[in-house]
Every structure is written in structure tokens, then in C-alpha cells.
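A.B. asks: Everything below, folded, please.
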Amino acid sequence: MLFSSIIFLGYFLPITVLVYVLVSFSRTLQNAWLLFVSLVFYAWGEPLFVLFMILSIFANTLFGYLVDSRHKAARSAKWVVALAVIFNIGVLFVVKYLGFALENINAVLGFEYFEFEGFVLPLGISFFTFQALSYVLDVYRGDAEVEKNPFYVGLYISLFPQLVAGPIVRFADIAAQLRGRVITWDTFSSGCSRFVIGLGKKTLIANAMGAIADRVFDLSAAGSQVVFVPVMLAWVGLFAYTMQIYFDFSAYSDMAIGLGRLFGFEFKENFNYPYIATSVTEFWRRWHISLSTWFREYLYFPLGGSRPETVYGARIGAGRRSALIIRNLFIVWLATGIWHGADWTFIIWGMWYFVFILFERVTKFTSRDIPKVLGHTYLLLVAMIGWMFFRAGNAREAMVYLSNLLGINDNGFYSPLAVAIVREYWLFFVLTIIFSTPFARNLGRMLERGGLGAWRPIFCAVYPFLLLFVYGISVVYLAKGTYAPFIYFNF
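C.D. replies: Numbering: from 1, shown residues only. This is a model prediction of the structure:
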């Protein structure tokens, strides 16, 4: 079920909120209701998928209990953690990556030794698997108290606002909120506002940019022998996708955070205007923060991070230390690419960022006095080329699109179609540029500080009606539009 769908907006959400309010006399009933509707939400499109969710809930409840009960026996607890990792990653591998692995084995062998049709990928399995695994790891590390009641573990894993596309929430961050949270008019209205902002970003901006990106990438995928995609058109399409994926994914995070507030939960921010960054390192501190944090906390640091001092208890020299840092970065970015999808394009995308992260570390790029304009331009070029690999259907299509961008496909530069697209969608392009910066956030903070002078009361009076207008226009677009799922539902 999509947040940006009539069935969700017109039926699921109102009924969920209404019943939640009616049973406000009992936190247990409220939690039971949230767990029930969360499972319904996930099972809506394909009921069998919810079995993966239920299996994950009970298995990780058991793993957490076993880890806690064996915390005094370090060796025994490590074996339980190992089993938890094997189980969670194993399930994820079978449903998401087994087909890709067998396909590549067949390619190496030169014939179809393995015949495998693959599975229909359960929505958001990468998200809720990482979230469930983090619970067990946090219990093992002492960062979270064990939860022996599968009811609360189930609510944590399946909570529908952030279930399908994040943000990835750590159990320690909301453990206390599961049993005791306070809902005020301020938090409820703030949640509604945040949700509508996300809905507008998705339906009015991301979908418009997606229509452009799909058209241009489809033309490029046909190949230069069928149709030429001039340089100008290729860059317009890539810019559109760059904005689509940001507004699409950040919109989901906005809606998830807003929905969480409706029910008294506070989720951490997942985006912090990544396109204003002036380095790749800074970009990844601002983009998909919950995933970056997950890999840092549960993979990069356990590998030794940026300061490996010993190997098997023996101190190491500077050369070995540098080699280990490179290894750690390589593993993390390879895993990041693989996490996003079972295709070589995602692996290339991960390696693309590995190269630039390593480059910035070696050259101490972030500590150099580089003009912000140059740093910002550099970051945008790196990010946009990375998104080209991310969006392409396969490695061949990525190479064709790259050739179109560089003008080495005998494709020419000028494109009447690109000019027509810009003329038709100029307002959307302007909105993407404005709202990918902290302009709106800074305006809000100015209002909180009593800024805008005499205009403040007027703006405060108009703002609710502006949100209602955005909501109404979004619903109209949804009613007459086509199916446009969130990009990260595929992960």
C-alpha cells in the first residue's frame, strides 16, 4: 500500500487514526491496533509477504533473548549473534540475490547450468531485515535492553510508517516510546504538516521529475542505432532523475516521520539537504542518514574503522593500517551497493563512491580551503553520474547513457525535445532547486524566532490553508494520475 494512494489517504489512515484515538484510554490497545494495521498494511499487496515479516519478528525475538541470557558466556553469545546474522542475511540473500548469483555463475560457466526464475521481492525486506538485525546486535553490545515480549518486537519491526522504506530505526531509540509516549496537539499537528509536505514532494515534484527521467532513460536504453539522445537531452534527463530520487525518497521519510508523530513516535531525520554538500563525504552524512549510520555502526567500526591499531592483538605499522582502512572502506561500499539491488549497476555505483571517498581521505579534501562553488559543482557531478548508474537498467544501458552525456555517441549536442521539456516543466525545475536547499526550513526557523515582522501573523494564518491546498492538489493528481511507487520500495 502506498502512502500516496487514495486507498491509504481516504480509508486506511483515517480509520487507523480514528480507532487509535478511540482506544486512547489504553496504551496496550493502541499498540495492539498499530501492530494489527501494520501487518494489514504490509500484507495489502501480497498477503504471503507478511509471512517473512512474522518469521523475522519471532526469530529475532528469540535471538535477542538468547543473546541476553548468555551475555556472561561471551563465546556462547557470539555464536547466537553469528546465527542471527546468518539467518537474517541468509533470508535476504535467498529472496533478493540468489537469482543474480546463479545468473553470474551461469555466465562464468558459459551455459545454463542453473535454471531459476527468482522470487517476487517482498517490499522493503532490506529495510526491515537491517532493522531487526540491529536489535539483536544492540542487545549483544549492551546498547539496548532485551525485549522478551514478541508483541513489542513485532511492533518495532513492523510499525507501518517506516516499514517499507525507512528510516531504519534502532530499537534503543524507540524502546521507551513503545510503552510510554505522549501525544499532544502540537505533535499531532506537526505530524500532519510533515506528512502533507512529504505528500506534496512526492506527488507534485518527484512524480513530475520521474516522468521526464523515464522518458529520456527509455530513449537512451533503445540504443543509438534506434534513436539519438543528444547531450542536452541526456543531461536534462539525468538532472530530472537526480531530483526525482531525492524528492521521492526524502518525501517518504517526511511522511514516515509525520505519521510517526501522529501516534506519538519520534523518528530521527533521514535527510539533511544532501545536494548542498561540497564533498562526497559530506553528501553521505546528509543522504539516507539511517543507512549510513547502520553501515558505520555495524560494519565499518567492527572492521576497525579508520583507526585499526592491532591485528590479532599485535600492533601494526602505518602501511598496514592504511591498507586496512582501504579494505574497510571497500567492504562497506561494496555492501552498500549490493544492499541497494541485485545488479552490477548497483555494485558499480557502490564502487564509484568508494573511489571518491578514498580520494577525499587520501588528499584530505574536506580540510582543504576549496571554494564552495567548486566543491559544490564537484559533488553534484559525482552524485549525478552515480545516479546514472543507479537508474540504468543494466551495465550496457549505463554505458550508452554515459556516452550520450559525454557526446561520444555521434549524438550531437542540441535537442529541441530538451528545450520543450524545460519550457513545459520549468516551474517544477525551479521548485526542485529551491526545495533541495534549506530555504523552507530557514523560513520556518525565522518564524519561530519571531521573524518577518508584521508579515508573521499573516503567514501563520495562511500556512494551514497552504497545506490544505497542497493536500487537495496532491489528491487531485493522485486521482487522475498513474501508479507511481516510491523508488526505494524496490529495496
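A.B. asks: CA only for contacts and neighbour counts going forward, please
C.D. replies: Fine.
A.B. asks: isn't Lys96 right next to Gly124, touching?
C.D. replies: No. In this structure, Lys96 is not within contact of Gly124 by Cα atoms under 8 Å, at 10.9 Å.
A.B. asks: So for the two, which residue has more residues nearby?
C.D. replies: A direct count of neighbours by other Cα atoms under 10 Å for Lys96 and Gly124 places Lys96 higher, at 22 against 18.
A.B. asks: Tell me how far Phe195 lies from Lys202.
C.D. replies: 11 Å (Cα to Cα, to the nearest Å).
A.B. asks: Comparing these two, which residue is more hemmed in?
C.D. replies: Applying other Cα under 10 Å to Phe195 and Lys202 shows that Lys202 carries more neighbours, namely 31 against 27.
A.B. asks: shouldn't that one be in contact with Asp248?
C.D. replies: Yes. Applying Cα under 8 Å as the test, Lys202 and Asp248 come out as touching, 5.3 Å apart.
A.B. asks: Check the secondary structure at the closest residue to Phe49 other than its chain neighbours for me.
C.D. replies: Leaving out its chain neighbours, the residue that sits closest to Phe49 by Cα to Cα, 6 or more residues apart in numbering is Pro122, at 5.6 Å. Three-state call for Pro122 (DSSP: H, G, I helix; E, B strand; the rest coil): coil.
A.B. asks: Compute the number of surrounding residues for Pro122.
C.D. replies: 24.
A.B. asks: which residues are in contact with stretch 426-440?
C.D. replies: Ile205, Ala208, Met209, Met243, Phe247, Tyr273, Pro274, Tyr275, Ile276, Val422 (Cα atoms under 8 Å, 6 or more residues apart in numbering).
A.B. asks: now, among those residues, which is nearest to Phe330?
C.D. replies: Pro274 (22.2 Å; Cα to Cα).
A.B. asks: For the closest one, list the residues it contacts.
C.D. replies: Glu282, Phe283, Trp284, Arg285, Arg286, Trp287, Ser436.
A.B. asks: Next, check those against the helices and list the overlap.
C.D. replies: Of the positions in these, Glu282, Phe283, Trp284, Arg285, Arg286 sit in helices, assigned by DSSP state H.
A.B. asks: What are the contacting residues of stretch 132-147?
C.D. replies: For stretch 132-147, the surrounding residues in contact (Cα under 8 Å, 6+ apart) are 56-57, 60-61, 63-65, 67-68, 71, 77, 81, 84-85, 88, 153, 157, 170-172, 294, 298.
A.B. asks: For the residues you listed, which ChimeraX command selects only the ones that are buried?
C.D. replies: Applying 16 or more other Cα atoms under 10 Å to the contacts of stretch 132-147, the buried members can be selected in ChimeraX as follows:
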select :56,57,60,61,63,64,65,67,68,71,77,81,84,85,88,153,157,170,171,172,294
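A.B. asks: wait, what's in contact with Leu262?
C.D. replies: The contact partners of Leu262, by Cα under 8 Å, 6+ apart, come to Val17, Ile183, Thr187, Phe188, Ser189, Gly191, Cys192.
A.B. asks: list the buried ones in the strand or helix carrying Ile89?
C.D. replies: Using DSSP states H and E, Ile89 sits within helix 74-92. For helix 74-92, burial by neighbour count (16+ other Cα under 10 Å) applies to Ala77, Val80, Val81, Ala84, Val85, Phe87, Asn88, Val91, Leu92.
A.B. asks: middle-most residue in this protein, spatially?
C.D. replies: For the chain, the residue nearest the mean C-alpha position is His288 (5.2 Å; Cα atoms, centre = their mean).
A.B. asks: just checking, it touches Tyr273?
C.D. replies: No. Using Cα under 8 Å, His288 and Tyr273 do not qualify as a contacting pair, with a distance of 10.4 Å.
A.B. asks: residues near the closest residue to Pro161 other than its chain neighbours, how many?
C.D. replies: Residue nearest to Pro161 in three dimensions, not counting chain neighbours: Ala256, with 4.6 Å by Cα to Cα, 6+ apart. Ala256 is flanked by 27 other residues according to other Cα under 10 Å.
A.B. asks: Please flag which of the contacts of stretch 426-440 sit within helices.
C.D. replies: Reading helices off the contacts of stretch 426-440 with DSSP H, I get Ala208, Met209, Met243, Phe247, Val422.
A.B. asks: Please convert those residues to CSV, extending it with distance to Ala392 and neighbour count.
C.D. replies: Converted to CSV, these look like this (distance: Cα to Cα, whole Å; neighbours: other Cα atoms under 10 Å):
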residue, distance to Ala392, neighbour count
Ala208, 19, 18
Met209, 16, 26
Met243, 16, 23
Phe247, 19, 26
Val422, 22, 16
